[in-house]
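Student: coords below, sequence missing:
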């Protein structure tokens, strides 16, 4: 009975603790989304589809995302970095059967009006104006 009471108290105390992502780097943790989060992967597909439709006038889509990995994590600091950033990479299979490298950046709490997170995406070979540098270098 005493053990059960202790477990219940521990559960109540931990219920208010923030959830941490599994993409920790060198002992630094983030409360924001990780590279593998489903809503981030879904957002990547939407951004790519929008870009294909409105820039390339194509119906090309991402049908699968594999080999997702975190390249680096920059935690928010009081003075030098006001925004926490997570740099990720993956391999995307496109609807034409080709595979391309995908590089994406997750900026915590930088969505519209600071609600949600911002996701920037670059698919190798689909940067007509080189907005992320050659071969998506800015998002590595």
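Tutor: Yes, it's here. As the structure is a computational prediction, the values presented were derived from the model and not from experiment.
Student: what sits up against stretch 129-140?
Tutor: Contact partners of stretch 129-140, identified using CB atoms under 8 Å, 6 or more residues apart in numbering, comprise 71, 87, 89, 101, 103-105, 120-124, 127. For glycine as for every other residue, the C-beta is placed from the backbone atoms N, C-alpha and C.
Student: ok, now stretch 42-58?
Tutor: So stretch 42-58 is contacted by 59-62, 65, 92, 102, 104, 119, 121, 123, 126, 128 (CB under 8 Å, 6+ apart).
Student: Now list the buried members of the residues you listed.
Tutor: Listed as buried from those are 60, 62, 65, 92, 102, 104, 119, 121, 123, 126; burial here means 16 or more other CB atoms under 10 Å.
Student: Redo those as CSV? Include secondary structure, distance to residue 138 and pLDDT.
Tutor: What follows is these, written out as CSV (DSSP: H, G, I helix; E, B strand; the rest coil; distance: CB to CB, whole Å; pLDDT from 0 to 100):
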residue, secondary structure, distance to residue 138, pLDDT
60, coil, 22, 95
62, strand, 20, 97
65, strand, 20, 96
92, strand, 18, 97
102, strand, 14, 96
104, strand, 11, 96
119, strand, 14, 92
121, strand, 12, 94
123, strand, 14, 94
126, coil, 15, 88
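Student: what's the farthest-apart pair in the residues you listed?
Tutor: In terms of CB to CB, the buried ones among the contacts of stretch 42-58 reach their longest pairwise distance at 60 and 119, which sit 19.1 Å apart.
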